[in-house]
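what follows is a predicted structure for the sequence shown.
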Amino acid sequence: LLQQVIASSSEFHAIGSTNIKSGQPRPSPTPLPPASSDSYKAVVYVMLAGGYDSWNLLVPHTCNNAGLNVATQYKNERGILALTEAERTNLININAAKETLKYGTEGAEPCSQYAIHPNISILQDLFEDGDLSFFANVGVLSEPVTKNNYNALTQTKLFAHNTMQAEAQRVDPYEEAPDTGILGRALDILANTTIPGTSNKYNVNSLSIDVPAMALRGVPFEAPSTKVVSRFGPTTFNPSVTNNGADPWDIRAVIKSINNATSPESNMYGELWSSSLLNTVYESEELKYFLGNVSLSTGDVGTGWWESMVGMVLKLIHTRQDRGVNRDVFFVQLPGWDHHSDTKTNFAKMLTDLNNVLGKFVMELKEEGLWDQVTLVSTSDFGRTLVPNTGAGCDHAWAGHYWAMGGSVDGGQIHGQYPSDITADGELNIGRGRGRMIPTLSWESIWNGVVEWLGIEGATKLDYCMPNRHKTGKRLFTKSDIFLQDPAAPTSPPT
């Protein structure tokens, strides 16, 4: 009992003098804002952690580029990793007229048809429905590079999980806004931005499932801090202490008492500990209560690791009115994609699981009338080598192919351009015979339009979100490139 009480005190954690209590109870936590009447939007950042093999997700099929066409190059370079003709049947057609209208002939795709891996048919379905677009050959870029100077000019340490995954979340290679991430900085701006046509500022939240996320981290006190929520639900304070077989002690009142309000001359670090502890206890209990009233319209997503995480995101979206928010950002990390051996088989198995999870995610949002208000963006540490290793696997590389999906996405497009030469002689191939491709789009290329869709307008605010966006030399897609014109979105599910 004494150990737990002592460990909860500010004196145990704070550096410096003992806290001086004011003798007054600590003020009640700031109440949540009322349910918002402004339209709701959410971005779900999905990290396919480990570096997923996107060369077998989006595969060239019918290609007409000069010389050796890309479909033949793919077969030659991938060898035993290549999808067979029988596996390349889930085809998507490229709207050449639309591509040319947006990007001109220089942005034309080398192929008129691509195949989607057969184990993730949800992506093909959404692409054909106009609710999903791909981004081709994307990765971290500090500035424009060639195969001769990329090593000297790239700020981020390439091919390493920790550095490239961190940069995919930061989107700030020179750390001009240190210890912050792309969506955290976006919420910094939104929390201080007046909603057009109203006198209200955006009410924002960031929530990460299971693990802290750099992507959601903003400048302290600019926006509410990120809440890390277990896929099983919030972890609440357990006030019970064992009492030698008798009824357990409840130390809640003691904890509140020793962390009561302090006087102005008290230790600032101790005050921060006490206020943070009691606020966290209150907020976790409150969120648990909100979630206890949620049931998904389409039933539970499932009990598997990935299913539980995505299911928790859906349940948290259902609590948006209780939390009083109109802008949410979520982070979900789906691990296990680092296949250095038997890649083709392992990748296919994981795509089956991902297909199942994404299908249930889409079904629930559509059933609740929220599909137009949520955008999911996929990322990974890096792409993988085109050429197999000796263990029928592939290794760490650079550029890869990703996607954005949602009812507001102007889908059926491939933004950017699939490389027209993926051979060892190609100008983008730095792989020393292994097939590592220089990106032709940067992470900023994707996020520029996504944060605009969330409500960020103007060059200064966009530069704050993406400090390096004008230095990469790559196209910055706008909201109108990636999304349909904003509909008048409902603020609550239909009754």
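Thanks, I have the structure now. Residues are numbered from 1 along each chain as shown.

how about the strands of the stretch 101-250 of the chain, start to end?
Applying DSSP state E, counting those that start in this stretch to the stretch 101-250 of the chain gives strands spanning 111-116, 132-139, 204-209, 227-229, 240-243, 246-250.

out of those, which comes closest to residue 362?
Of all the strands of the stretch 101-250 of the chain, it is strand 132-139 that lies closest to residue 362, at 9.7 Å by C-beta to C-beta. C-beta here means a position set from N, CA and C on the backbone, and glycine is covered the same way.

tilt between that closest one and strand 111-116?
Here the directions of strand 132-139 and strand 111-116 differ by 90 degrees (axes from the mean of the first three to the mean of the last three C-alpha atoms, to 10 degrees).

distance from the chain centre to strand 132-139, please.
How far strand 132-139 lies from its chain's middle: 15 Å, per C-alpha atoms, centre = their mean, to the nearest Å.

what sits up against that strand?
If you take C-beta atoms under 8 Å, 6 or more residues apart in numbering as the criterion, strand 132-139 is touched by 58, 123, 126-127, 164, 382-383, 398-405, 409-419, 428, 437-443, 445-446, 482.

check stretch 462-473 too.
By C-beta under 8 Å, 6+ apart, the surrounding residues in contact with stretch 462-473 are 141-144, 171-174, 176-177, 182, 185-186, 188-189, 442, 444-445, 447-448, 451-452, 456, 476.

where are the low-confidence patches of the chain?
Low-confidence segments of the chain (pLDDT under 70): 1, 16-18, 66, 97-107, 243, 245, 487-495.

which residue of it sits farthest from its center?
residue 246 (47.7 Å; C-alpha atoms, centre = their mean).

so what sits opposite that residue in the bridge?
With DSSP bridges as the criterion, residue 246 is bridged to residue 243.

next one: it from residue 374, what distance?
Residue 246 sits at a distance of 50 Å from residue 374 (criterion: C-beta to C-beta, to the nearest Å).

how about residue 263?
According to C-beta to C-beta, residue 263 and residue 374 sit 47 Å apart.

neighbour count for those two, which is higher?
residue 374 (24 against 12; other C-beta atoms under 10 Å).

excluding its backbone neighbours, what's nearest that one?
residue 42 (4.8 Å; C-beta to C-beta, 6 or more residues apart in numbering).

could you point out which element follows whichever strand or helix holds the one you found?
Here residue 42, judged by DSSP states H and E, is contained in strand 41-49. For strand 41-49, the following helix or strand on the C-terminal side (DSSP H and E) is strand 58-63.

follow-up on the earlier one: PyMOL command to pick out the buried ones of the contacts of stretch 462-473?
Here is the PyMOL selection string for the buried members of the contacts of stretch 462-473, based on 16 or more other C-beta atoms under 10 Å:
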select buried, resi 141+142+143+171+172+173+177+182+185+186+188+189+442+444+445+447+448+451+452+456+476
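
measure residue 348 to residue 117 for me?
Residue 348 is 7 Å from residue 117, by C-beta to C-beta.

the two: who's more crowded?
residue 117 (23 against 16).

wait, the more buried one sits on residue 351?
Yes - the pair residue 117 and residue 351 passes the contact test of C-beta atoms under 8 Å, sitting 5.5 Å apart.

quick check: neighbours shared by these two?
The contact sets of residue 117 and residue 351 overlap at residue 57 (C-beta under 8 Å, 6+ apart).
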